[in-house]
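Student: Quick one: sequence and predicted model below, then my questions.
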Amino acid sequence: MIVLDKCKQWVHNMGSSWFCQYVVQDKDQIVPTPPPGFNIGAVERETGLSKDLLRMWERRYGFPRPARDPNGERQYSLDEVSKLRAIRRLMDIGMRPGKIIHQALDELNALADTRSVVRKDEIAPPLERNLLDLLKNHDAAALQQLLAQLVMRQGLQQFVLESVTPLNRTVGDAWMRGELEVFEEHLYTEQVQVALRAAINAFPRTATGVPRVLLTTFPNEQHGLGLLLVEALLVPEAVHCVSLGTQTPVEDIRRAAIAHKADILALSFSGAFPLRSAIDGLDMLRGLLPPHVTIWAGGEMTRRVRRTIPGIVLIPDLASTIQALRSWRAHRVPLNAA
């Protein structure tokens with residue numbers, strides 16, 4: 001008799017990046033042994049939650065509670081990683097970790113399913129199904145063609161607002177439910193970035209575009225898709241954009257803003273970025289930059305901000321980016337204007 005049910009459950013929950021070991025107890029029975037713990041670097045890669053955030057939650061909330069290996073390194077269980085993935089996805093749709101971190105995994109999944117049902121009408125089901133099928137079939141060429149066709153049919157700004165935003169949620173929800181592997185989600189993100197960069201580069205670039213916008217993220221914020229989405233919304237508006245990519249130290253952000261004569265500094269924050277760290281960093285940066293430089297803070301994290309931050313324009317969703325641009329143009333004269 002072969003006992004494999006528990007192993008199958010592990011593989012179903014975690015996908016091919018996790019594995020099962022077997023111990024032969026006798027010639028007729030093979031029993032799966034629990035997989036080893038996963039170090040903090042592996043958990044960061046699987047969940048998108050930074051090491052600093054995992055340590056902070058451990059201190060503040062008592063979860064996760066990793067074991068320690070003989071060298072004192074943290075070792076996270078499969079159940080903890082499954083729960084962290086669910087929490088991360090709920091944070092991405094605007095929920096605060098302190099409100100959900102003590103709920104059981106089944107409760108988190110049920111909550112995510114409820115939120116997903118509410119959003120079903122945001123995107124045509126055939127497109128959603130087609131996208132997921134292409135990802136599961138690992139058809140990168142067809143996926144790239146699908147995205148390119150959407151850009152051509154909708155235009156760049158509408159592609160971002162009407163297709164990419166809901167498709168991101170579709171892919172994220174499928175990943176959280178275990179329907180997509182991590183590498184399949186990465187394939188989607190990469191192909192979206194390819195489509196966006198191609199469309200952005202098709203617009204004529206001019207150094208005289210107004211305003212001049214510098215885009216980046218704080219250290220420990222490794223998610224850069226938000227920066228590219230914002231750039232895709234701004235370039236058709238004749239905005240001069242300079243992107244530094246992700247994880248730029250605060251002092252270097254200050255230097256870059258001055259060197260590039262930025263009118264606006266745009267910072268992107270994923271839902272997993274620590275709220276307190278974001279607010280402290282924004283306060284610091286506001287004090288370092290000249291008053292004429294407007295600071296935009298956007299992304300899922302900003303939905304958890306419950307108060308105004310002096311000198312900071314909060315942009316909770318992509319559609320608000322265009323509104324913020326129009327407001328800036330209506331009330332500000334760029335320092336670099338002739």
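Tutor: Thanks, I have it.

Student: how much space is there between Glu162 and Ala319?
Tutor: Distance, Glu162 to Ala319, using Cβ to Cβ, to the nearest Å: 10 Å. In short, each C-beta sits where N, CA and C put it, glycine included.

Student: next one: Arg74
Tutor: Distance from Arg74 to Ala319, by Cβ to Cβ: 40 Å.

Student: the more surrounded of these two?
Tutor: The residue with more neighbours, out of Arg74 and Ala319, is Arg74; 20 against 13, by other Cβ atoms under 10 Å.

Student: quick one, what contacts that one?
Tutor: By Cβ atoms under 8 Å, 6 or more residues apart in numbering, Arg74 lies in contact with 37, 39-40, 66-68.

Student: rerun at 6 Å
Tutor: 40, 66 (Cβ atoms under 6 Å, 6 or more residues apart in numbering).

Student: Quickly list what it is bridged to.
Tutor: Arg68 (DSSP bridges).

Student: got the contact list for the helix or strand hosting Ala256?
Tutor: Element membership for Ala256 (DSSP states H and E) is helix 250-259. If you take Cβ under 6 Å, 6+ apart as the criterion, helix 250-259 is touched by 214, 244, 265, 285, 288-289, 293.

Student: Take those residues and write them to CSV, including secondary structure.
Tutor: Output for the contacts of helix 250-259, formatted as CSV (DSSP: H, G, I helix; E, B strand; the rest coil):
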residue, secondary structure
Leu214, strand
Leu244, coil
Leu265, strand
Leu285, helix
Leu288, helix
Leu289, coil
Val293, coil
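
Student: which two from these end up farthest apart in space?
Tutor: Leu244 and Leu288 (15.7 Å; Cβ to Cβ).

Student: How many neighbouring residues does Val250 have?
Tutor: 14.

Student: I'd like the distance from it to Asn109, if you could.
Tutor: With Cβ to Cβ as the criterion, Val250 and Asn109 are 37 Å apart.

Student: ditto for Pro211
Tutor: Pro211 is 43 Å from Asn109, where distance means Cβ to Cβ.

Student: How about residues contacting the longest helix belonging to the chain?
Tutor: Scanning the chain for the helix with the most residues, using DSSP state H, yields helix 182-201. Helix 182-201 is contacted from outside by 17, 135, 143-144, 147-148, 151, 156, 171, 175, 228, 232, 235, using Cβ under 6 Å, 6+ apart.

Student: how about it: buried residues?
Tutor: 182, 184-185, 187-188, 191-192, 195-196, 199-200 (16 or more other Cβ atoms under 10 Å).

Student: Okay, and Asn71 sits in which element?
Tutor: Applying DSSP H and E, one finds Asn71 in no helix or strand.

Student: What about it, how many residues nearby?
Tutor: Counted by other Cβ under 10 Å, the residues lying close to Asn71 total 5.

Student: can I see the domain layout of this protein?
Tutor: 1-34, 36-118, 120-201, 212-331 (automatic domain parsing).

Student: Can you tell me which of these is most buried?
Tutor: domain 212-331 (a mean of 18; mean count of other Cβ atoms under 10 Å).

Student: now that one, how far from the chain's geometric center?
Tutor: In terms of Cα atoms, centre = their mean, to the nearest Å, the centre of domain 212-331 is found 15 Å from the chain centre.

Student: go on, stretch 138-149?
Tutor: For stretch 138-149, the distance to the chain centre is 21 Å (Cα atoms, centre = their mean).

Student: Put the alpha carbons of that stretch into PDB.
Tutor: Output in PDB follows, covering the C-alpha atoms of stretch 138-149 (Å, rounded to 0.1, in the frame of the first residue of the first chain):
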ATOM      1  CA  HIS A 138       3.400  28.100 -21.300                       C
ATOM      2  CA  ASP A 139       2.700  29.700 -24.700                       C
ATOM      3  CA  ALA A 140       4.800  32.900 -24.400                       C
ATOM      4  CA  ALA A 141       4.500  33.800 -28.100                       C
ATOM      5  CA  ALA A 142       0.700  33.700 -28.100                       C
ATOM      6  CA  LEU A 143       0.600  35.600 -24.900                       C
ATOM      7  CA  GLN A 144       2.800  38.300 -26.300                       C
ATOM      8  CA  GLN A 145       0.600  38.500 -29.400                       C
ATOM      9  CA  LEU A 146      -2.600  38.700 -27.400                       C
ATOM     10  CA  LEU A 147      -1.200  41.700 -25.300                       C
ATOM     11  CA  ALA A 148       0.100  43.400 -28.400                       C
ATOM     12  CA  GLN A 149      -3.300  43.100 -30.100                       C
END
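
Student: Among the buried residues of helix 182-201, find me the one that's closest to Glu44.
Tutor: Among the buried residues of helix 182-201, and counting by Cβ to Cβ, the member closest to Glu44 is Val182, at 11.9 Å.
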